[in-house]
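Novice: Below is the sequence, then the predicted model.
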Amino acid sequence: MPRVSKQDKERNRRRIVDSASRSFRVKGVDGTGLEEVMRAAGMTHGGFYNHFGSKDALAVEVYRDAFAAPLAWVARAVAGPLAGSGSSLSQVVDEYLSPRHRDAPDGGCPSAALATDAARHGGDVQGAYRDGVSGYLDGFTAGLLRDAAARGEVVAPGAVREQAITLLAEVVGALTLSRAVLRADPALSDEILLAARDRVHAQLHAAGQRGGPRDQASQPG
């Protein structure tokens, strides 16, 4: 049989990861068969083990790959020009809690799409999801610290980290709920997105109005 070039092997591996990523987000790792993944990638089932040692190994790569682009986007967003609200996270919130993002469960950010699935796995698979969540928290923390610095405030890093965790939990939870009721009640789905988006923007704006979480040691008296 002819040898497969390194470039062809890399392309085939990429096709497998892309195929698995779409299916894992919608059906979960356990709900997706390897034959289905390989068929969607345009390859035979037997070729899977030329690229991955196990389904879990594929899941780890899918999770890491799925978080890469969203985390890069968050990093660019929080480093860009401040929005009219004065928060570098406004664009992130608007996009995350948008109907477009909600309506694409097989794409977009995996933090909501893969959350339940990650909870059913341990070891390396859950570790890959944890790394993605940690990346989001780092990005959100950086954005909140930048906003505070732009306002000339001294803030407590621990309090900002807590705010970042709360923010991530709110947007992921809202997106998950919105998707969960979309087919049964589209109006409720939209309502959840809008209410969550308004609430998070209000919190970001209020942080600026009240000065945000300050380092108590830096306060007079």
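Specialist: It's in.
Novice: quick one: the helices in this structure?
Specialist: Assigned helices in the chain, in chain order: 6-27, 34-40, 55-79, 90-96, 99-102, 110-113, 115-119, 123-150, 157-180, 186-210 (criterion: DSSP state H).
Novice: what sits against residue 14?
Specialist: Residues near residue 14 by C-beta atoms under 8 Å, 6 or more residues apart in numbering: none. All C-beta atoms are positioned from the backbone trio N, CA, C, and that covers glycine.
Novice: that older thread, tabulate the helices of the chain (TSV), appending distance to residue 47.
Specialist: Shown next, in TSV, are the helices of the chain (distance: least, C-beta to C-beta, whole Å):
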stretch	distance to residue 47
helix 6-27	7
helix 34-40	7
helix 55-79	13
helix 90-96	36
helix 99-102	33
helix 110-113	25
helix 115-119	24
helix 123-150	22
helix 157-180	33
helix 186-210	40
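Novice: Make CSV from these and add distance to residue 49 and mean pLDDT to it.
Specialist: Converted to CSV, the helices of the chain look like this (distance: least, C-beta to C-beta, whole Å; pLDDT from 0 to 100):
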stretch, distance to residue 49, mean pLDDT
helix 6-27, 11, 92
helix 34-40, 9, 95
helix 55-79, 10, 94
helix 90-96, 37, 92
helix 99-102, 35, 95
helix 110-113, 25, 91
helix 115-119, 23, 89
helix 123-150, 18, 94
helix 157-180, 34, 95
helix 186-210, 41, 88
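Novice: looking at those helices, which is buried most?
Specialist: A comparison of the helices of the chain by mean neighbour count, using mean count of other C-beta atoms under 10 Å, puts helix 110-113 on top with a mean of 24.
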